[in-house]
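*Asks:* no FASTA, just this:
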């Protein structure tokens, strides 16, 4: 395959996406807006899992933290939605780093189990309304819409564009990560931690950094999720959601941007399109996950191996 | 004091169930190094099949006969073992040489498929076990209430654990299981049919899990399609506490976790009991990642 075409295809598709609100109907606009948000979360999961190679099965927690920070700041303190994205990113990244600090030394499956534990504890904290700010099982209602230059973005199309811009920024970030020193350090840690450590890489520091980076990006998506749905509740950030994100990366292809995007389409867009079959959704996906793994254990669209 | 003893009895009951389920996790992990995420759902399948047998053969006027309940256990064990073997053949065997994560995703997919398949077959509602499936006798020993169901669960699970322990440690095939868990290639060179060992583990584990699942149904008198994941997770934590891959560890871990859960719910907080369990899990992972009875693994260079 011609790599030059691929290099241009991504930006072209993204620019073409800007026309979506003017071309497609309301139903498609909202589906693609949700796609953009979940694509950002999936890409952030991929930073931790696909690029740094850590089995994080509680990633929806950081998505949830971003959403809750925005919801609380907006409804209680009246902070505008887009401004609240900054504290959402910082809080999610800090929590990600802090939670990761003691557990990153755990190997493979043990890390996976510890992150499942974190996800369960997060869920309980939200449901039990600790500190009286999370709204308990019902969550928080009435989150405002984003506004730009004093102009409130009320329309579905405007919302979509905000999500699409965030997706574009995150794609740029991930693309830069791929070609940067930091990205290479993550890859060494994933491939052979011991060798990387012998070469002077501070494994613990970079692993915590990967967690914080992934968590921060997920937090940004959380802000847009909260404002899009105007409500956050613990149910949206449960373990099943983390499992779905985990599966998107592995089914799509680790450390592969097109793979992760394709995975997001399969897990979030397809079910929206075939809504009448909703009750069969997870049954079919379960079978699908087994079939894909058996046929292509490396994912549908894995990272292409470049000679370096 | 009597309240403390009461919590001990309750804890031991749930702990026995956890231990039965944990054995399935630990045996699969011991040999394949795979967290079988579908194991909890297999246990629920056991509960559902048992319930179906009881409610279809038990007659309309409650109190099914003893042979009906016995048949429910047999049916659950047979069906769930078959499901376990089928799962091994279709979802895990093709991935044995692939990257570990591929098998994890396959296991997650299997869990999703089973859970939602059961929802489609048995409805998303909570199903209730008929009144008097087990005799509602209970004894009062110095203020401690022990029901027949509790006694049955404790005795049967301890007996099954003892039997499994003897089987794995005293028979030729048990030795083969242990050998394959230590080093598959070496076991193969010694003439052990590792595939047969793995199939046997996918019969034994789900069989014990089916009994555990049916016990859950009979103890709480209800079953719902998505309960597998929380019981599965608790059993899995039990396996880790004891040292995953270690059979006596899973038994000990299950009983300890059951006791710990009951005491945490009774004396600290029942809303936070689950969080306390996960806190304990993370603490144990940090201090002793290989569990109580697990061996320390040296860093491979």
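*Replies:* Done, it's in. In this text, all values refer to a predicted model and were calculated from it rather than measured experimentally.
*Asks:* Can you get me a residue count around residue B:186?
*Replies:* By the measure other Cβ atoms under 10 Å in any protein chain shown, the count of residues near residue B:186 is 11. (C-beta placed from N, C-alpha, C; glycine too.)
*Asks:* Give the burial count for the closest residue to it other than its chain neighbours, as a bare number.
*Replies:* Leaving aside its sequence neighbours, residue B:186 sits nearest to residue B:179 (Cβ to Cβ, 6 or more residues apart in numbering or on different chains; 7.4 Å). Here the number of neighbours of residue B:179 (other Cβ under 10 Å) works out to 17.
*Asks:* any idea which element residue B:179 lies in?
*Replies:* Per DSSP states H and E: residue B:179 is located in helix B:172-182.
*Asks:* residues of the helix or strand just after that helix that come out buried?
*Replies:* The first helix or strand that comes after helix B:172-182 along the chain, using DSSP H and E, is helix B:184-189. Neighbour counts over helix B:184-189 (16 or more other Cβ atoms under 10 Å in any protein chain shown) mark B:184, B:187 as buried.
*Asks:* packing partners for helix B:184-189?
*Replies:* The helices and strands touching helix B:184-189, judged by 3 or more Cβ pairs under 8 Å, 6 or more residues apart in numbering or on different chains; DSSP states H and E, are helix B:172-182, helix B:194-220.
*Asks:* now, of these, which is deepest in the fold?
*Replies:* Per residue and on average, the most neighbours among these fall to helix B:194-220, with a mean of 24 (mean count of other Cβ atoms under 10 Å in any protein chain shown).
*Asks:* what's the angle between it and helix B:172-182?
*Replies:* Between the direction of helix B:194-220 and that of helix B:172-182, the angle (axes from the mean of the first three to the mean of the last three Cα atoms, to 10 degrees) works out to 100 degrees.
*Asks:* Any part of helix B:194-220 near chain A?
*Replies:* No: with Cβ under 8 Å from any Cβ of the partner chain as the measure, helix B:194-220 is seen stopping short of chain A, the closest distance being 15.3 Å.
*Asks:* and after that helix, which helix or strand comes next?
*Replies:* Note on helix B:194-220: by DSSP H and E, the next helix or strand toward the C-terminus is strand B:222-223.
*Asks:* How far off centre is that following strand?
*Replies:* The gap between where strand B:222-223 is centred and where its chain is centred comes out at 16 Å by Cα atoms, centre = their mean, to the nearest Å.
*Asks:* And that strand, what does it pack against?
*Replies:* Using 3+ Cβ pairs under 8 Å, 6+ apart as the contact criterion, the elements in contact with strand B:222-223 are helix B:39-57, strand B:127-128, helix B:194-220.
*Asks:* Tabulate those (TSV), appending mean pLDDT.
*Replies:* Conversion of those to TSV gives the following (pLDDT from 0 to 100):
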stretch	mean pLDDT
helix B:39-57	95
strand B:127-128	94
helix B:194-220	96
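*Asks:* how long is stretch B:283-294 end to end?
*Replies:* 16 Å (Cα to Cα, to the nearest Å).
*Asks:* Next, see if that stretch gets close to chain A.
*Replies:* Yes: Stretch B:283-294 comes into contact with chain A (Cβ under 8 Å from any Cβ), by way of B:285-286, B:289.
*Asks:* Thank you kindly, that will do.
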